[in-house]
Structures are given as structure tokens and as C-alpha cells.
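Visitor: Provided below are the primary sequence and the corresponding predicted coordinates.
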Amino acid sequence: MPEHQSHSYCLKAPPPASRIEEEMYKGQSGMWSWLFHRISGLGILLFLFIHIVDVSMLSFGPGVYNQSVVLFDYVVVRLLSLALVIAVLYHTFNGIRIMAIDFWRKGSRYQRAMFGIVLAATIIVFIPMAYYIMGPAFQWLTQAPHAATTGH
Amino acid sequence: MLRISSGRGPRPMSGGFETFSWYYFRISGAALVFLVIAHLIIMHVSNDVSCTTYAFVASRYSNIFWRVFDWLLLTLALTHGMNGLRITIDDYVRSASARMWLMSISALLLVIFFMLGTLTLVTFQPVVSAIGPQCLPK
């Protein structure tokens, strides 16, 4: 919350309603960073449930497990992976921002600038990752003669 | 309630479970930054998902390091995420009985998924004779 805003509130003596809004940071960057953090977190948790189940197919041998890997090779599921990656990146960078606000003395002063950095970092890291994830799905287009990836 | 501090009184000092939860989010989150980013790069950049087959897991899990790595990832991500779900339920569900039910279901889900994940990690023994392909056939 910028300093000059609270000053103008003091001078005009606002009604209590706007104070509540200020506390809830409704409509400001703080609201959006909080909302995205919550939604991305719940989305990642939902994926984690699915992921624990698909990994548990290991217990049924190579045939069954590789069937669950086939699922992740579908173009639609690759697109869903992109949504997961963007959620993870945002949640990670905004988590670092939250820790900076809580543990760095000047953190709350720069919280808004840091939100801009969080969004920029999310997009900048997302683009190359999206290229790697979607690349194998477009092999038919590029007609690359080599295999999709190397082994581990 | 999960909220971003104003800088005037950032850390909860009262003690008890909510203070533990507040610190746990930050400590597990800091560890997860490294674990999750490494996991994403290994599974989506240096390998493609179509090559994360049974054979891939078998060679990966022959080294105990990756089992410990994945177990830490499982435990920290699941507890961090379920604590987030607990706080979300706390924020939106008003009725006492609905809260009780949802919290109980959450606790049960936490135990079930933690045990399923741990069992898979600990008991995995590759069938060497029929290990399958390195990558999915195109």
C-alpha cells in the first residue's frame, strides 16, 4: 500500500467501508497476487493427487506403468502440463515474494514492484519450458529425423 | 487466515499450531523451490515425458538418492498443499458440521496419499527380465 494513499485517506476522513477495503486490499495488486497464489496452489494440489496415483502404477509392472505414461504424451495432456508449469512457476516466484515481504526489512515497501518481477519471471521462464514440453508434439510438423529426446 | 503482512507486525508470535503452520509454509516452500524446479527440469526439459517410462524409473531408482529426493518432494509438497487446503476450508466454510467433515476428509486424504506415495517409493523393485522400452514407441 503506497504511503501517499494512506495520507489522503487521513485528510479526507473516509467512511469505514473504504478502510475495510484497504485492509482487504480489494482490487489492488495485493488482491490479485493473493488470489493467483491460492488458485495456483489448489490446482497444483489437485495435480499432486493425480500424480501420486499415476506413479503408484509402478507397482503393477512395466505394462501398466507405461500405459499411464502414454496418457502424458497426448497433446491435450501436454497442454494441461503447460497450465501446471505456469501455476508452479507463479506459485514459486510469488512464494519467494511472500518470504521477502515477511523476512526482508524493506520487503513490504517493494511488494508491488516485486509482484511485477514475479509476473515477468513467470512468463520469461515459462516460454522456454513450453517450447520443450510442446516440441515433441509437433515433430510431425518439423519432420525431425532424430528422436524426440535423449535418454536420461 | 493466510495474509500478506503489512510490515508492521508480520510474524505471528502467539505460538501454537497456527504459528507452526505459518513457519512451516515458508520453510517447506523454500525447500520446495529447489526440489520442484529440479524435478520439472529433469522430467520436462532434459527428458521428455514420453521417455519417463518404467525403464527410466528403474535406472533412476537404482540410486537411493532419487528415492530420498522424491520422498522429500512427496512429503513436503503434500503437507504444504494440504495445509493450504486446510486454510482455504477455514476461510470459506462457515457451518461447523461442514468444516468438521471437510477437515476430516482432508486429513484422511493426506494419510492415504502419503502412504500410497511412500509405499510406491519404498517397495519399487524393477522386474529386470521385462523392463520395457526406454521411450514410448511413436
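Guide: Alright, I've got the coordinates. Numbers count the residues shown, from 1 in each chain, chains lettered A, B, ... in the order given.
Visitor: for the residue nearest the centre of chain A, give me the pLDDT.
Guide: By C-alpha atoms, centre = their mean, chain A has its centre lying nearest to A:A87, at 2.4 Å. Per-residue pLDDT puts A:A87 at 97.
Visitor: mind listing what it touches?
Guide: A:A87 makes contact with A:I39, A:S40, A:G43, A:I44, according to C-beta atoms under 8 Å, 6 or more residues apart in numbering or on different chains. Where you see a C-beta, it was placed from the backbone N, CA and C, and this is true even at glycine.
Visitor: how about a cut-off of 6 Å?
Guide: Residues near A:A87 by C-beta atoms under 6 Å, 6 or more residues apart in numbering or on different chains: A:S40, A:G43, A:I44.
Visitor: find the nearest non-adjacent residue to it, please.
Guide: A:S40 (3.9 Å; C-beta to C-beta, 6 or more residues apart in numbering or on different chains).
Visitor: hmm, that neighbour is touching A:L89, no?
Guide: No. With contact defined as C-beta atoms under 6 Å, A:S40 does not count as touching A:L89 (8.9 Å).
Visitor: could you name the helices and strands sitting against the helix or strand of chain B with the lowest mean pLDDT?
Guide: Counting by mean pLDDT, DSSP states H and E, chain B has its least confident helix or strand at helix B:54-60, which shows a mean of 91. Packing partners of helix B:54-60 (3 or more C-beta pairs under 6 Å, 6 or more residues apart in numbering or on different chains; DSSP states H and E): helix A:61-73.
Visitor: is chain B within reach of the helix it packs on?
Guide: Yes. Using C-beta under 6 Å from any C-beta of the partner chain, helix A:61-73 reaches chain B at A:G61, A:P62, A:Y65, A:N66, A:V69, A:F72, A:D73.
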